[in-house]
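Asker: below are the sequence and a predicted model for it; my questions follow.
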Amino acid sequence: MTDIPRRKIDELRARYELEPTIHDLYVEGIFDQDVLSRYIEKKHLIGLVVYTIDTVEVPSALLHENGLTPGEKQEVIALARQLASIPGACSYRCIVDRDLDEWLGRIETTPRLLWTKYCSLELYFFTKELLREV
């Protein structure tokens, strides 16, 4: 990450309370950001911006309070939990990989937290055509 200051969760809460139509996506890492940004560009979805979680300051104490371990996925979940109390409709979203959480019974329902359909975002690229080539 560069030396750009990281956003604080309170700043984001104020941002979405005051401007609920801002279309921001928060993802785990750079691969997810690249994939979704390219999709957004291809579909001409104006105003939708993808941020990696490392652009947000998620204190380790907050992870501990939420029973989460260090890691990008857990930071996205913690951010979603903290922003869930924003009243009314908001247009931001937090997206995390499903991984094995469904099998372990850990899929939670948090407002504006989305889980991938498959174990990871990469699996959306597995097609019959690709498997035939391999």
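Answerer: Arrived safely. Residues are numbered from 1 along each chain as shown.
Asker: residues touching Val49, list them.
Answerer: Residues in contact with Val49 (Cβ atoms under 8 Å, 6 or more residues apart in numbering) are His23, Asp24, Leu25. The C-beta positions use only the backbone N, C-alpha and C, and glycine is treated the same way.
Asker: so, low pLDDT: which residues of this protein?
Answerer: Applying pLDDT under 70 to the chain flags residues 1-2, 130, 134.
Asker: on that earlier part again, which members of the contacts of Val49 are classed as buried?
Answerer: Asp24, Leu25 (16 or more other Cβ atoms under 10 Å).
Asker: compute the first-to-last residue distance for stretch 89-108.
Answerer: End-to-end distance for stretch 89-108, by Cα to Cα, to the nearest Å: 19 Å.
Asker: list the buried residues in it.
Answerer: By 16+ other Cβ under 10 Å, the buried positions in stretch 89-108 come out as Cys90, Tyr92, Arg93, Cys94, Ile95, Val96, Asp97, Arg98, Asp101.
Asker: what sits against the last one?
Answerer: Asp101 makes contact with Ile107, Trp115, according to Cβ under 8 Å, 6+ apart.
Asker: then the second one?
Answerer: Residues counted as contacts of Tyr92 (Cβ under 8 Å, 6+ apart) are Leu12, Tyr16, Ile22, His23, Asp24, Leu25, Tyr26, Leu83, Arg112.
Asker: which among these gets closest to Gly71?
Answerer: Closest approach between the contacts of Tyr92 and Gly71, by Cβ to Cβ: Tyr26, at 14.2 Å.
Asker: now do the SS call for the closest one.
Answerer: Secondary structure assignment for Tyr26 (DSSP: H, G, I helix; E, B strand; the rest coil): strand.
Asker: touching, it and Lys73? I think so.
Answerer: No. Judged on Cβ atoms under 8 Å, Tyr26 makes no contact with Lys73 at a distance of 11.2 Å.
Asker: out of these two, which sits in the more crowded spot?
Answerer: For Tyr26 versus Lys73, neighbours defined as other Cβ atoms under 10 Å are more numerous around Tyr26 (26 against 17).
Asker: if we ignore the residues flanking it in sequence, what's nearest that one?
Answerer: Counting by Cβ to Cβ, 6 or more residues apart in numbering, the nearest residue to Tyr26 once its immediate chain neighbours are dropped is Cys94, at 4.6 Å.
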